[in-house]
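1. dropping a prediction and its sequence here:
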Amino acid sequence: MDADTFAALAAKPGPDAIAHAMARLDAGANDLAVGEDVRRHYCALKPNVASAAVEQATLRRRGRAKFGAAADEMWFTANGLEQATSAIAANHRATRFHALNTTLGRPARVADLCCGIGADLRALEAAGCNVTGFDHDPVTAQAARLNSDARVDCADVEVLDLTGYDAAFIDPARRSRGRRTFDVNAYEPPWSFVTSLLAKVPAAAAKVAPGIPHDLVPAGIEIEWISVAGGLKEAVLWAGSLTDGETRRRATLLPSGATMHTKSDADERAPTGSMNRYLYEPDDAVVRAHLISDLARSVDGVLLDATTAYLTSDRLIDTPFAKAFEVREVMPFSLKRLRAALRERDVGGVTIMKRGSAVDVERLRRDLRLEGTTQAVVVLALIDGKHYAVIADAVNT
């Protein structure tokens, strides 16, 4: 969508056309029927604007997963929605910037670089910061203006003069040729600019892909991995007065806000051992933060294998950082043997989990050909370097 089309869509009767399209899509109509309906009811709209209304309606419906009901009034671009931080993660991040307000005795002046459609702008505004957004794409910048009350400039962030700002946040584009990239060297602006920003601004943060290699994190920087409802979503690099100056790696779980951290730069290896009564599957934020040894201590457990992240313990400990399962049977992996064991237990449905296994989960589910009446969990795990199948029950702690 170009800037002229977007501007026409934002003017009347564009918003009404979007709302109409959303209602029809929510009722189950397909895109083609909705497009025809919009053109018929809003004949004053040019064909390209009518099509844009349906596209915007589709994006808003998708946006509900990140922004809830607020998405129904927000403005999106396809790439902007794809990269946008969910409201819950943006609000969590904004709490650190809010603390600057207290320290400074006034609203912190924050530059939101590569602000996208304004997810973090909204959160920083709500946190009481005096925030300005910058984005090089005019359509995306216009969406950000409509999504917040903050000032938004269309500008190249690499040439900005940040004099006078107390803090900066950057969410570099992580898409190359229309596809998501996990290579920091493909970020826009480049990785060198991101790291220099962290070094020169008094308080700075950068959102990065959660798969970032540990050895790319600059010295003295805190990195926080964030999972939302059990899914690892993003990582954030924290620098300057947005950190305590000591924490190096952190795992945070939302919406609970539970957090685990270490002040050590070195990874600590957790001990390994044989299977015990309970198996723990750590949250991926804990795994990526290399905090397995800390979690092992908290559940009085050991790793089943040094190369994977399943823990085992004779104690059932209530922890937000891992799911617990009570082990019923352990066997070397064999389709025939696993099928027989599950049928003996009258199992008809399985939840299959795996780490360190190349087994195709859906194919295994089909090949088991179960017809029982109960449910079970099957964990495909390495134990001392060998492949095993574990039959277990989920535990509610």
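-> Yep, that arrived.
2. need the contact partners of stretch 22-29.
-> With Cβ atoms under 8 Å, 6 or more residues apart in numbering as the contact definition, stretch 22-29 has outside contacts at Asp31, Ala33, Val34, Asp37, Ala57, Thr58, Arg60, Arg61, Asp72. C-beta here means a position set from N, CA and C on the backbone, and glycine is covered the same way.
3. same thing with stretch 43-62?
-> Counting by Cβ under 8 Å, 6+ apart, the neighbours of stretch 43-62 from elsewhere in the structure are 1, 5-6, 8-9, 13-14, 17-22, 25-26, 31, 34-35, 38-39, 42, 71-72, 74-78, 81.
4. and this protein, what are its domains?
-> In the domain annotation for the chain, the residue ranges read 3-74, 85-262, 278-394 (automatic domain parsing).
5. and of those domains, who's closest to Thr272?
-> For the domains of the chain, proximity to Thr272 was assessed by Cβ to Cβ; domain 278-394 is nearest, at 4.7 Å.
6. mind checking the end-to-end distance for that closest one?
-> Its start and end residues considered, domain 278-394 measures 10 Å (Cα to Cα, to the nearest Å).
7. with stretch 42-52 instead?
-> Using Cα to Cα, the end-to-end distance of stretch 42-52 comes out at 13 Å.
8. okay, and the helix or strand of this protein with the least pLDDT?
-> The helix or strand with the lowest mean pLDDT-type score in the chain, counting by mean pLDDT, DSSP states H and E, is strand 175-176 (a mean of 58).
9. wait, Arg339 touches Arg369, no?
-> Yes: using Cβ atoms under 8 Å, Arg339 makes contact with Arg369 at a distance of 7.0 Å.
10. more neighbours: which of the two?
-> Counting neighbours by other Cβ atoms under 10 Å for Arg339 and for Arg369 shows that Arg339 has the greater number, 16 against 9.
11. of the contacts of stretch 43-62, just the buried ones, PyMOL syntax please.
-> For anyone working in PyMOL, the buried entries among the contacts of stretch 43-62, judged by 16 or more other Cβ atoms under 10 Å, can be selected with:
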select buried, resi 1+5+6+8+9+13+14+17+18+19+20+21+22+25+34+35+38+39+42+71+72+74+75+76+77+81
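12. among the contacts of stretch 43-62, which are in helices?
-> 5-6, 8-9, 14, 17-22, 25-26, 31, 34-35, 38-39, 78, 81 (DSSP state H).
13. can you pull out the helices in the stretch 101-250 of the chain?
-> Shown for the stretch 101-250 of the chain, the helices assigned by DSSP state H, counting those that start in this stretch span residues 119-126, 138-147, 191-200.
14. so what touches the last one?
-> By that I understand helix 191-200. Residues lying outside helix 191-200 but in contact with it, judged by Cβ under 8 Å, 6+ apart, are 113, 157-158, 168, 170, 172, 184-185, 187, 204, 206, 208, 216, 218, 221, 237, 239-240.
15. run a quick neighbour tally on Ala57.
-> With other Cβ under 10 Å as criterion, Ala57 counts 24.
16. can you give me the pLDDT of Arg179?
-> With respect to pLDDT, Arg179 scores 61.
17. swap in the one 10 residues further on?
-> Pro189 carries a pLDDT score of 94 in this model.
18. give me the below-cutoff pLDDT ranges for the stretch 251-397 of the chain.
-> When residues are selected by pLDDT under 70, those of the stretch 251-397 of the chain lie in 397.
19. how about the helices in it?
-> Counting by DSSP H, counting those that start in this stretch, the helices of the stretch 251-397 of the chain are 284-288, 292-298, 335-344, 361-368.
20. okay, these, which one's buried deepest?
-> Looking across the helices of the stretch 251-397 of the chain with neighbours counted as mean count of other Cβ atoms under 10 Å, the highest average goes to helix 284-288: a mean of 23.
21. same for that helix, what does it pack against?
-> Packing partners of helix 284-288 (3 or more Cβ pairs under 8 Å, 6 or more residues apart in numbering; DSSP states H and E): strand 222-228, strand 231-240, strand 249-254.
22. can you list the ones you listed in TSV and add mean neighbour count?
-> As requested, the helices and strands packed on helix 284-288 are exported to TSV (neighbours: other Cβ atoms under 10 Å):
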stretch	mean neighbour count
strand 222-228	23
strand 231-240	20
strand 249-254	22
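23. could you dump the ones you listed to TSV with distance to Asp393?
-> Supplementary listing: the helices and strands packed on helix 284-288 in TSV, determined by distance: least, Cβ to Cβ, whole Å:
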stretch	distance to Asp393
strand 222-228	24
strand 231-240	23
strand 249-254	23
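24. burial count for Ser196?
-> The number of residues packed near Ser196 is 15, by other Cβ under 10 Å.
25. and the pLDDT at it?
-> 96.
26. ok, now Ala127?
-> You'll see Ala127 listed with a pLDDT of 97.
27. number the residues from 521 up from this point.
-> Understood, numbering begins at 521; the last thing we discussed is Ala647.
28. go ahead and confirm it touches Ala614.
-> Yes: the pair Ala647 / Ala614 is scored as a contact, 4.0 Å apart, by Cβ under 8 Å.
29. hmm, which of the contacts of helix 711-720 are the buried ones?
-> 633, 677, 688, 690, 692, 704, 707, 724, 726, 728, 741, 757, 759-760.
30. cross the residues you listed against strands and list the overlap.
-> Under the assignment DSSP state E, those contribute Leu633, Ala688, Ile690, Ala724, Ala726, Val728, Leu757, Ala759, Gly760 to strands.
31. dump the residue contacts of Phe587.
-> Each residue near Phe587 by Cβ under 8 Å, 6+ apart is listed here: Met594, Ser606, Ala607, Ala639.
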